[in-house]
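Colleague: predicted model, plus sequence, below.
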Amino acid sequence: MLHKTLKPFPDDFLWGAATSAYQVEGAWNEDGKGPSVIDVRDQYPEGTTDFKVASDHYHRYKEDVALFKEIGFKSYRFSISWSRVMPNGIGEVNPKGIDFYHRLIDELLEAGITPIVTMYHFDLPQALAEMGGWSNRDSIQWFADYAQLLFKEYGHKVKYWLTINEQNMMILHGSAIGTNDKNGGQKDLYQQNHHMLVAQAKAMAISHEMQPENKIGPAPNIALIYPASSKPEDVMAAFNYNAIRNWLYLDAAVRGRYNDVAWSFMEEKGWLPEIKEGDIEVLASAKPDFIAFNYYTSQTVEASHNDASDAVPRSGKDQHITIGERGVYRGYHNPFLPTNEFGWEIDPIGLRSTLREINDRYHLPLMITENGLGAFDEVDAEGNVNDDYRIEYLHAHIEQMQLAITDGVQLFGYTPWSAIDLISTHQGCRKRYGFIYVNRDEFDLKDLGRLRKKSSFWYEELIRNNGLTQK
Ligand code: BG6
């Protein structure tokens, strides 16, 4: 739809950027922090760093927040490391870990930046993993207790809460991200999924009970699925994958019930989770205040060939590249979309479609909590990082966001990935996303100095204007 006049971004729009604890903080074993599943990984893809130092944000958070302020961020999305505040995931609380997030939040508030907190971003405490992790039904209570601690400590300072980052990617692509190497197969994964859904519902209810003025929502990765063609079989495959990748998670979080097609998929495969008495009521009782979602790219599928080749990824294994399911859907390269250096398709219009679809289904305010371009940025001879490609990517997506707002979508925040360079989930630190460059290499930490990239100056102006002027 073409609009004669575009609606402006709301005055209080939460422009900002995002990170996650294990990808940015470092200090992996300092001040009483317990190990997470990420810290105990003994293998990393060849040529890529571990997460021990990352961007050293734990020690340099003041300098980082000062730069965020300079850019003009209205918000900053970060995650709390569960094992930093509760070294074993349950029981004992680590005062120094608690204190770190108080200091970070206070620094942000003082800088006029609204904190948006993700409660859990891939880094489950290792002690919990050793007790079965999310496969253990007790995980529901572990997460509820952790939620209670976070709300008690920070709920009076933090208004916006996100429960679980990209739960759907942990289930569909956990081995690529490094979160579920030791899982017990697909059935177990859907059992983990069920526990996370109930845990998330409980956390939302606890937040509403403890701090009714705060807002809380889920944070899956949502990407609308296109059919490879108008062939009815391809369209049906797209419906299938939409249900399995997207709506399973949002229907449970928002409508409090399992999506029918996703349910029948799990039934067909023999992967139905065990649901205990009371679980359905817990799911139904949780009412998110908004939906946060991450968007990097759309996905395209064709009809299944109904053989083993359906499950062979078309280009590498990655959380943003579809792995098909025999008899259900098959990944397809969309010939209309360019790809980035890592094979991810770039689809700004797909963001508008995704925003519209989520709005149509759930009628809740929306926040985009990740979106961005990973690239091998370099500092040039004059000492600048001229990441025009990132500006182009962000510009194109923000343009579509404004169109979606004009379409009637209630979008209230945008925190692209990432505020500062950090370590990618499985492609090292040279795959950079930040507005701020961090001077380090995969194995050479250099001085870890900070340098604003060209995109940060562009974003500063955009925030000042509350939207796009021109490229
Ligand atoms: C999202 C995750 O899937 O994508 C982030 O929430 C991640 O943690 C981001 O960093 C980009 O992916 P990658 O694999 O390039 O780090």
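Modeller: Alright, I've got the coordinates.
Colleague: where does the stretch 351-471 of the chain get nearest to the ligand, which residue?
Modeller: Closest residue of the stretch 351-471 of the chain to the ligand, CB to the nearest ligand atom: Ser424 (3.2 Å). In short, each C-beta sits where N, CA and C put it, glycine included.
Colleague: model confidence for the closest residue to that residue other than its chain neighbours, exactly?
Modeller: Distances taken as CB to CB, 6 or more residues apart in numbering put Lys431 closest to Ser424, at 4.3 Å, once the chain neighbours are dropped. The confidence metric pLDDT takes the value 95 at Lys431.
Colleague: Lys431: neighbour count?
Modeller: 21 (other CB atoms under 10 Å).
Colleague: test my guess that it contacts Phe342.
Modeller: Yes - counting by CB atoms under 8 Å, Phe342 is a contact partner of Lys431 at 7.0 Å.
Colleague: shared neighbours, the two?
Modeller: Gly374 (CB atoms under 8 Å, 6 or more residues apart in numbering).
Colleague: just to revisit the earlier point, roughly how far apart are the residue nearest to Ser424 and Asp318?
Modeller: Lys431 is 11 Å from Asp318, where distance means CB to CB, to the nearest Å.
Colleague: identify the contacts common to the two.
Modeller: Phe342.
Colleague: where in this structure is pLDDT low?
Modeller: 180-183, 315-317, 470-471 (pLDDT under 70).
Colleague: quick check: residues of it near the ligand?
Modeller: Contact residues (CB under 6 Å from any ligand atom) of the chain with the ligand: 20, 23, 165-166, 169, 221, 294, 319, 370, 374, 417, 424-427, 431.
Colleague: go ahead and confirm Ile71 touches Phe435.
Modeller: Yes - counting by CB under 8 Å, Ile71 does reach Phe435; the two are 6.3 Å apart.
Colleague: higher neighbour count, those two?
Modeller: Phe435 (28 against 23).
Colleague: ok, that one - contacts?
Modeller: 17, 71, 418-420, 452-453, 455-456, 459.
Colleague: next up, phi/psi of it, please.
Modeller: When quoted as degrees, to the nearest 10, the phi and psi of Phe435 stand at phi -80, psi -20.
Colleague: now Leu162
Modeller: According to degrees, to the nearest 10, Leu162 has phi -120, psi 140.
Colleague: where does Thr118 land in three-state SS?
Modeller: Following DSSP: H, G, I helix; E, B strand; the rest coil, the label given to Thr118 is strand.
Colleague: ok, the nearest residue to it once chain neighbours are set aside - contacts?
Modeller: Excluding the flanking residues, the one nearest Thr118 by CB to CB, 6+ apart is Ser79, at 3.8 Å. Going by CB under 8 Å, 6+ apart, Ser79 touches 19-21, 117-121, 123, 165.
Colleague: pipe those residues into TSV and attach distance to Gly133 and neighbour count per row.
Modeller: Output for those, formatted as TSV (distance: CB to CB, whole Å; neighbours: other CB atoms under 10 Å):
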residue	distance to Gly133	neighbour count
Thr19	24	28
Ser20	18	27
Ala21	18	27
Val117	22	22
Thr118	18	24
Met119	16	23
Tyr120	12	28
His121	15	24
Asp123	12	27
Asn165	16	25
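Colleague: tell me the one among the residues you listed nearest to Pro288.
Modeller: The closest of the contacts of Ser79 to Pro288 turns out to be Met119 (CB to CB; 13.2 Å).
Colleague: ok, now how distant is the closest one from the ligand?
Modeller: 14 Å (CB to the nearest ligand atom, to the nearest Å).
Colleague: any idea which element the spatially closest residue to Arg245 that is not a sequence neighbour lies in?
Modeller: Closest residue to Arg245 apart from its sequence neighbours, by CB to CB, 6+ apart: Asn168 at 6.0 Å. With secondary structure defined by DSSP states H and E, Asn168 is part of helix 167-177.
Colleague: what's in contact with that helix?
Modeller: 122, 179-181, 183, 189-190, 192-193, 196-197, 200, 218, 220-221, 245-246, 248-249, 317-319, 323, 425-426.
Colleague: the residues you listed in helices, which ones?
Modeller: Counting by DSSP state H, the contacts of helix 167-177 place 189-190, 192-193, 196-197, 200, 248-249 in helices.
Colleague: which two among those are spaced furthest apart?
Modeller: Leu189 and Gln200 (16.0 Å).
Colleague: neighbour count: those two, which is higher?
Modeller: Using other CB under 10 Å, the more surrounded residue of Leu189 and Gln200 is Gln200, with 30 against 20.
Colleague: name the nearest residue to the more buried one, sequence neighbours excluded.
Modeller: Gln200 sits nearest to Thr163 (CB to CB, 6+ apart), 4.4 Å away.
Colleague: look at that neighbour and give its secondary structure.
Modeller: Taking three-state DSSP, the label given to Thr163 is strand.
Colleague: what residues are up against it?
Modeller: 118-120, 200, 203-204, 216-219, 253.
Colleague: please name the nearest non-neighbouring residue to whichever residue of the stretch 51-200 of the chain sits closest to the ligand.
Modeller: Per CB to the nearest ligand atom, Glu166 is where the stretch 51-200 of the chain lies closest to the ligand, at 4.8 Å. Excluding its sequence neighbours, the residue lying closest to Glu166 (CB to CB, 6+ apart) is Asn221, at 4.6 Å.
Colleague: next: Gln400.
Modeller: Gln400 sits nearest to Arg352 (CB to CB, 6+ apart), 4.0 Å away.
Colleague: can you give me the buried ones in the host helix or strand of that neighbour?
Modeller: Using DSSP H and E, Arg352 sits within helix 348-362. Judged by neighbour count (16 or more other CB atoms under 10 Å), helix 348-362 contains these buried residues: 348, 350-359, 362.
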